[in-house]
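Chemist: Build the 3D model from these lines:
(one chain, ligands or ions: 2)
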Amino acid sequence: MKDCIFCKIIQKDIPARIVYEDDLIIAFDDINPQAPIHTLIIPKVHYTSLNDIPLERLDLLGHIMDKIREVAAIKGIAETGYRTVLNTGGDSGQDVFHIHFHVLGGRRMTWPPG
Ligand code: AMP
Ligand code: ZN
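Modeler: Ligands and ions are numbered 1, 2, ... in the order given. Okay, here's the model as predicted:
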(Lines give C-alpha, C1' and ligand atoms only; values in the text may rest on other atoms or scores of the structure.)
(Ligands and ions follow the chains in the order given, each with its own letter.)
Protein backbone atom coordinates (compact mmCIF):
# COMPACT_ATOMS: atom_id res chain seq x y z
CA MET A 1 0.00 0.00 0.00
CA LYS A 2 1.25 3.43 -0.97
CA ASP A 3 2.57 5.55 1.90
CA CYS A 4 2.76 2.60 4.31
CA ILE A 5 6.20 2.52 5.92
CA PHE A 6 6.04 -1.24 6.55
CA CYS A 7 5.00 -1.95 2.95
CA LYS A 8 8.11 0.03 1.95
CA ILE A 9 10.23 -2.23 4.16
CA ILE A 10 8.64 -5.30 2.48
CA GLN A 11 9.44 -3.80 -0.94
CA LYS A 12 13.00 -3.01 0.29
CA ASP A 13 12.39 0.63 -0.54
CA ILE A 14 13.59 1.57 2.93
CA PRO A 15 16.22 -0.37 4.88
CA ALA A 16 15.60 -2.59 7.88
CA ARG A 17 17.57 -5.13 9.88
CA ILE A 18 15.78 -8.22 8.64
CA VAL A 19 15.77 -11.15 11.06
CA TYR A 20 13.62 -13.61 9.10
CA GLU A 21 11.64 -13.60 5.85
CA ASP A 22 9.48 -16.02 3.91
CA ASP A 23 6.68 -15.79 1.33
CA LEU A 24 4.10 -14.66 3.89
CA ILE A 25 5.88 -12.60 6.52
CA ILE A 26 8.94 -10.54 7.33
CA ALA A 27 10.56 -9.90 10.72
CA PHE A 28 12.86 -6.95 11.34
CA ASP A 29 14.32 -5.11 14.32
CA ASP A 30 12.36 -2.18 15.72
CA ILE A 31 14.03 1.15 14.94
CA ASN A 32 13.31 2.40 18.48
CA PRO A 33 13.83 -0.66 20.67
CA GLN A 34 12.08 -0.83 24.03
CA ALA A 35 14.15 -3.80 25.22
CA PRO A 36 17.52 -5.36 24.32
CA ILE A 37 15.60 -7.50 21.82
CA HIS A 38 12.72 -5.81 20.01
CA THR A 39 11.67 -7.32 16.69
CA LEU A 40 8.53 -6.72 14.65
CA ILE A 41 6.77 -9.42 12.62
CA ILE A 42 4.39 -8.41 9.86
CA PRO A 43 2.45 -10.12 7.08
CA LYS A 44 3.48 -9.15 3.56
CA VAL A 45 -0.13 -8.42 2.67
CA HIS A 46 -1.24 -5.05 4.01
CA TYR A 47 -3.85 -5.39 6.76
CA THR A 48 -4.42 -2.30 8.87
CA SER A 49 -4.90 -4.10 12.17
CA LEU A 50 -6.28 -7.28 13.73
CA ASN A 51 -9.76 -5.89 13.02
CA ASP A 52 -8.95 -5.94 9.29
CA ILE A 53 -7.97 -9.61 8.90
CA PRO A 54 -10.82 -11.60 7.35
CA LEU A 55 -11.91 -14.92 8.82
CA GLU A 56 -10.56 -16.80 5.81
CA ARG A 57 -7.06 -15.42 6.48
CA LEU A 58 -6.82 -16.39 10.15
CA ASP A 59 -4.33 -19.06 9.06
CA LEU A 60 -1.88 -16.19 8.67
CA LEU A 61 -2.03 -15.58 12.42
CA GLY A 62 -1.07 -19.18 13.11
CA HIS A 63 1.89 -18.83 10.78
CA ILE A 64 2.93 -15.61 12.51
CA MET A 65 2.73 -17.30 15.94
CA ASP A 66 4.97 -20.09 14.67
CA LYS A 67 7.47 -17.56 13.34
CA ILE A 68 7.39 -15.56 16.56
CA ARG A 69 8.73 -18.70 18.26
CA GLU A 70 11.38 -18.99 15.57
CA VAL A 71 12.40 -15.34 15.87
CA ALA A 72 12.66 -15.79 19.66
CA ALA A 73 14.98 -18.75 19.07
CA ILE A 74 17.07 -16.82 16.52
CA LYS A 75 17.40 -13.96 19.01
CA GLY A 76 18.30 -16.32 21.88
CA ILE A 77 15.32 -15.45 24.11
CA ALA A 78 13.15 -18.54 23.62
CA GLU A 79 14.24 -19.95 26.99
CA THR A 80 14.66 -16.75 29.00
CA GLY A 81 11.22 -15.54 27.94
CA TYR A 82 9.74 -12.82 25.80
CA ARG A 83 6.64 -10.69 25.45
CA THR A 84 4.50 -10.55 22.32
CA VAL A 85 2.43 -7.39 21.84
CA LEU A 86 -0.26 -6.65 19.28
CA ASN A 87 -1.62 -3.11 19.44
CA THR A 88 -4.98 -2.53 17.77
CA GLY A 89 -6.35 0.97 17.30
CA GLY A 90 -5.97 4.34 18.97
CA ASP A 91 -6.32 3.48 22.64
CA SER A 92 -3.75 0.69 22.32
CA GLY A 93 -1.10 3.13 21.09
CA GLN A 94 -0.95 1.67 17.56
CA ASP A 95 1.11 4.12 15.49
CA VAL A 96 1.75 2.19 12.29
CA PHE A 97 -1.40 0.94 10.59
CA HIS A 98 0.01 -2.21 9.05
CA ILE A 99 -0.59 -5.03 11.53
CA HIS A 100 2.61 -5.94 13.39
CA PHE A 101 3.50 -8.12 16.34
CA HIS A 102 6.17 -6.86 18.72
CA VAL A 103 8.54 -9.44 20.23
CA LEU A 104 10.39 -8.05 23.23
CA GLY A 105 12.97 -9.73 25.42
CA GLY A 106 16.41 -9.66 26.96
CA ARG A 107 15.21 -7.99 30.15
CA ARG A 108 12.60 -8.60 32.83
CA MET A 109 9.27 -7.16 31.70
CA THR A 110 6.93 -5.35 34.06
CA TRP A 111 3.21 -5.76 34.52
CA PRO A 112 0.75 -4.09 34.10
CA PRO A 113 1.86 -2.59 30.77
CA GLY A 114 1.65 1.17 30.42
P1 AMP B 1 2.91 0.53 17.29
O2 AMP B 1 2.97 1.67 18.27
O3 AMP B 1 2.42 -0.77 17.88
O4 AMP B 1 2.17 0.92 16.03
O5 AMP B 1 4.42 0.23 16.90
C6 AMP B 1 5.06 0.75 15.79
C7 AMP B 1 6.51 0.40 15.93
O8 AMP B 1 7.14 0.56 14.68
C9 AMP B 1 7.27 1.27 16.93
O10 AMP B 1 7.84 0.45 17.93
C11 AMP B 1 8.32 1.96 16.05
O12 AMP B 1 9.54 2.15 16.73
C13 AMP B 1 8.44 0.99 14.90
N14 AMP B 1 8.92 1.57 13.66
C15 AMP B 1 8.46 2.67 13.03
N16 AMP B 1 9.14 2.89 11.87
C17 AMP B 1 10.04 1.88 11.78
C18 AMP B 1 11.05 1.53 10.83
N19 AMP B 1 11.26 2.26 9.73
N20 AMP B 1 11.81 0.44 11.06
C21 AMP B 1 11.62 -0.31 12.16
N22 AMP B 1 10.68 -0.04 13.09
C23 AMP B 1 9.92 1.04 12.91
ZN1 ZN C 1 1.48 -1.75 4.69
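Chemist: What separation is there between residue 81 and residue 67?
Modeler: To residue 67, residue 81 is 18 Å away according to Cβ to Cβ, to the nearest Å. All C-beta atoms are positioned from the backbone trio N, CA, C, and that covers glycine.
Chemist: more neighbours, those two?
Modeler: Neighbour comparison, residue 81 and residue 67: the larger count goes to residue 67, with 22 against 13 (by other Cβ atoms under 10 Å).
Chemist: Ends of stretch 19-34, what's the gap?
Modeler: Separation of the first and last residues of stretch 19-34 by Cα to Cα, to the nearest Å is 17 Å.
Chemist: What residues of that stretch count as buried?
Modeler: In terms of neighbour count (16 or more other Cβ atoms under 10 Å), stretch 19-34 has its buried residues at 19-20, 25-28, 30.
Chemist: The lengthiest helix in the chain: which residues count as buried?
Modeler: Determined from DSSP state H, the single longest helix within the chain is helix 59-75. Neighbour-count burial for helix 59-75, counted by 16+ other Cβ under 10 Å, picks out 60, 64, 67-68, 71-72, 75.
Chemist: same for that helix, what does it pack against?
Modeler: In this structure, helix 59-75 makes packing contacts with strand 18-21, strand 25-29, strand 37-43, strand 82-85, strand 101-105, judged by 3 or more Cβ pairs under 8 Å, 6 or more residues apart in numbering; DSSP states H and E.
Chemist: Measure how it sits relative to strand 37-43, angle-wise.
Modeler: Interaxial angle of helix 59-75 relative to strand 37-43 (axes from the mean of the first three to the mean of the last three Cα atoms, to 10 degrees): 150 degrees.
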